[in-house]
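**Q** What follows is a protein structure lacking sequence information:
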Ligand code: ADP
Ligand code: MG
C-alpha cells in the first residue's frame, strides 16, 4: 500500500511486461493442462468474481449508493451471451468475444431501465429497486421456455478458458481504474462524499449516477457471460439473491472504493469458500459471520478507501512553460445587470423564512448580507443556488430565469457558492476537490475515460495544471495530495472558496466565510476576497457576522430580519439605521452582532 515501496517502484513501469508475461503463462498452462483442473477452475472463478466485485464497487463503494441485486445484471449478461452463442451467431472464433460484449451491453441496457426510476429519488430506494429487479429477472427467466425455464439453459460450448478470464479481468481492472480516475469518476466520488456540494460545483449528479450504474452493469453482464460459458449451464437459480449477497460480501470484505480491495475481496472470498467446503453447509454461516466481525473492526473493508499504487495512474507533471490558464469567468458581463431578484419569498411550512426580497446586482459589485441568526440569509443563498424552489418570485442571471433549474445547471450559468458549514469532499485530496469544481469544463465523455483516449489524457493534464495553478495562487499547493479533512480549519474555508472559483463563476456566494476565524485570519480573508474580485473579475455576495469584514469590504449591504429586508445601503447608512440597531440590539438583542470581529 505504500507508494514508495521498492517493490511497487520496481514493478509499476514494467506493468505491461508483467501482464503480458502473465497472459502468456495462462496460455501455456491452459494449452498443456499444467494446472490441476480444480485449481484452474477456482482460478477462473476468482477472475470472474474480481470483475463482479469491481462492478458492484463502482456503485456501492465509489458512489456510496446501495445496490443489492447485482446478480440480476449478471443474469441478463449470462442469458444474453448464451442465447447469442448457442442460437443466433454462426460458429466462428469471434462468437465468444462478441457474445460476451453483447451480454454486457444487454445488462447495461437493463441498467438504464432500472436507473431511471431509482435515481429520481434519493436514499435507500435503489436498494429496493435493485432487489426487486433481481427477483423479477429470476421470475421472468423461469417463465421463458426458449431458455429452459426453471430447468435452466444448456448447450453452451466451454469457451471460457484461463487466458480469456485473465484477459477480461485485466481489461476490467484497467477500464474501471480509468473510469474512477477520470472527471466522471470524480463526479461519482463527489456523490459519495457530499452530493449537495457536488451539485453546487456543477456535477450533473443524475447523469453521473446513470453513467456509473450503466458501466457497472456492463461489467456484471460480462462476468455473467464468462460464467455461463465456463459452467455450460445456467439456471435462474444461479442468479438469485444469494449470488447478489456473495458479490456484496466480496466488496465489503475487500474494501469499498478501492480496486485493490475488490481484487482482495474476490480472491479471499472465492478461495475461502472453496476451502470451507469441508464444513458442508456450515460454511454459509461462517462466511457471513466473518463479515460481521470484519464490519465491526473495519467497517470499510480490509483496504477501505486506500488504493494500491499500481491502480493509480501517474499524476501529470506540470509542463515547463505551460500556458497559464484563464481564470476569467466562463460567462462575463462587462457592465450592468448580472443578477435580478424579484419578490422572492420562501416558506418552510408556516414559517416565512424570506419575504418579498428584491435585488439588482451589477457585475463587479460586492454585496454584504447581514442579519441576526435565522433571518433568512442562508435561505436566500439556497434559493439562488437552486436547493430550494421559491414559494414565490423570480431570480434571473444574465436574463435567464433560474428558479426551475437544478443546482448544477445554475452553476453552469456562472453561480458558485460556499457553505456556512464547510462542505468539502473530506476523503478526497485537496487537488480532487478543486478538480471537481472543474467538472463542467472537461472535454471528454465516459467512453473517453474508460478507454483512456488521447483527448482524455490531454484534458486531464490541462485540469491538473489548472488545479495546480489555482492551488499555488492561494498557497494551498503543498497540501495538494492531502485529504481535505486533514486541513486546518482556516485552510478548509479557503479551499472551499478555491473549489468554487474552479467552476469559473461570474457570481460567487460566500456564506459566513470568516466564521470561526480570529481577527488576523479575518483580515487576511478580506484581502483575499478583495483580490478575488479584482483578479477574477467577479461579483460577490457575502453573508457575514463580522461587521468589520462587511463594512470594510462591501459597497452595498442588505439587512434581513425574520426574512424581511429592513435596510439597504452603504456601510455608513446601515450603521446609523434605527431599524438595524433595533434588530441587533433590541428585543432580540442577544443575537450576535460582532462589531470588532474580535468577539
Ligand atoms: P440565517 O442563515 O440568516 O441564519 P436561515 O436562512 O438558515 O437563517 O433560516 C431562516 C429561517 O428558516 C430560520 O427560522 C430557520 O430555522 C428556518 N429554516 C431554515 N432552513 C430550514 C429548513 N430546511 N426547514 C425548515 N426550516 C428552515
Ligand atoms: Mg445562515
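**A** Happy to help now that I have it. As the structure is a prediction and not an experimental result, all values here were calculated from the model. Ligands and ions are numbered 1, 2, ... in the order given.
**Q** OK, now which residue of this structure is nearest to ligand 2?
**A** residue 378 (3.1 Å; C-beta to the ion). For the C-beta atoms, the positions are set from N, CA and C on the backbone; glycine is no exception.
**Q** On the secondary structure side, give me the element for that residue.
**A** Residue 378 is located in helix 377-384, with elements delineated by DSSP states H and E.
**Q** what's the answer for residue 521, then?
**A** Taking DSSP H and E as the criterion, residue 521 maps to helix 519-536.
**Q** Counting by contacts, list what that helix packs against.
**A** helix 489-502, strand 539-543, helix 547-553 (3 or more C-beta pairs under 8 Å, 6 or more residues apart in numbering; DSSP states H and E).
**Q** Output the contacting helices and strands for the shortest one.
**A** Read it as strand 539-543. strand 351-362, strand 366-370, helix 377-384, strand 507-511, helix 519-536, helix 547-553.
**Q** Around ligand 2, pick out the residues from the stretch 251-400 of the chain.
**A** 377, 378 (C-beta under 5 Å from the ion).
**Q** which residues in the stretch 251-400 of the chain form helices?
**A** Ranges of helices in the stretch 251-400 of the chain, per DSSP state H, counting those that start in this stretch, are 259-275, 283-297, 377-384.
**Q** Residue 430 is in contact with residue 495, correct?
**A** Yes - between residue 495 and residue 430 there is a contact at 6.0 Å, judged by C-beta atoms under 8 Å.
**Q** Which one's more surrounded, the two?
**A** More neighbours surround residue 430 than the other of residue 495 and residue 430, with 27 against 23 (other C-beta atoms under 10 Å).
**Q** That one contacts residue 480, doesn't it?
**A** Yes - assessed by C-beta under 8 Å, residue 430 is found in contact with residue 480 at 5.5 Å.
**Q** Spit out the residues that contact the two alike.
**A** Both residue 430 and residue 480 are in contact with residue 471, where contact means C-beta atoms under 8 Å, 6 or more residues apart in numbering.
**Q** Tell me which residues touch residue 419, please.
**A** Applying C-beta under 8 Å, 6+ apart, the residues near residue 419 are 197, 200, 496, 511.
**Q** ok, now residue 164?
**A** 96, 226.
**Q** Now do the host helix or strand of it against helix 259-275, angle only.
**A** For residue 164, the element it lies in under DSSP H and E is helix 162-180. Angle between the axes of helix 162-180 and helix 259-275 is 140 degrees (criterion: axes from the mean of the first three to the mean of the last three C-alpha atoms, to 10 degrees).
**Q** Quick check: buried residues in helix 162-180?
**A** 162-170, 172-180 (16 or more other C-beta atoms under 10 Å).
**Q** near ligand 2, which of those residues show up?
**A** Okay, of those, nothing touches ligand 2 (C-beta under 5 Å from the ion).
**Q** just to revisit the earlier point, tell me which of the helices and strands packed on helix 519-536 sits most buried.
**A** Comparing the helices and strands packed on helix 519-536 by mean neighbour count (mean count of other C-beta atoms under 10 Å), strand 539-543 comes out on top with a mean of 24.
**Q** Lowest-scoring secondary structure element of the chain by mean pLDDT?
**A** helix 6-12 (a mean of 65; mean pLDDT, DSSP states H and E).
**Q** ok so, going back, does whichever helix or strand comes after the helix holding residue 164 come close to ligand 1?
**A** Elements were assigned by DSSP H and E; along the chain past helix 162-180, the next helix or strand is helix 183-200. No - on the criterion C-beta under 6 Å from any ligand atom, helix 183-200 is out of touch with ligand 1, staying 11.9 Å away.
**Q** Please name the residues that touch the nearest residue to residue 579 once chain neighbours are set aside.
**A** Excluding the flanking residues, the one nearest residue 579 by C-beta to C-beta, 6 or more residues apart in numbering is residue 566, at 4.5 Å. Residues in contact with residue 566 (C-beta under 8 Å, 6+ apart) are 371, 559, 560, 577, 579, 580, 583.
**Q** Quick one: low-confidence residue ranges for the stretch 1-150 of the chain.
**A** The model of the stretch 1-150 of the chain has pLDDT under 70 over residues 1-13, 121-124.
**Q** Please enumerate the strands of it.
**A** In the stretch 1-150 of the chain, no segments count as strands under DSSP state E, counting those that start in this stretch.
**Q** Any idea which of the helices and strands packed on helix 519-536 gets closest to residue 212?
**A** With C-beta to C-beta as the criterion, residue 212 lies closest to helix 489-502 of these, at 21.5 Å.
**Q** Do I have it right that residue 147 meets residue 141?
**A** Yes - using C-beta under 8 Å, residue 147 is in contact with residue 141, at 6.5 Å.
**Q** Neighbour count: the two, which is higher?
**A** Neighbours per residue, other C-beta under 10 Å: of residue 147 and residue 141, the larger number sits with residue 141, 24 against 21.
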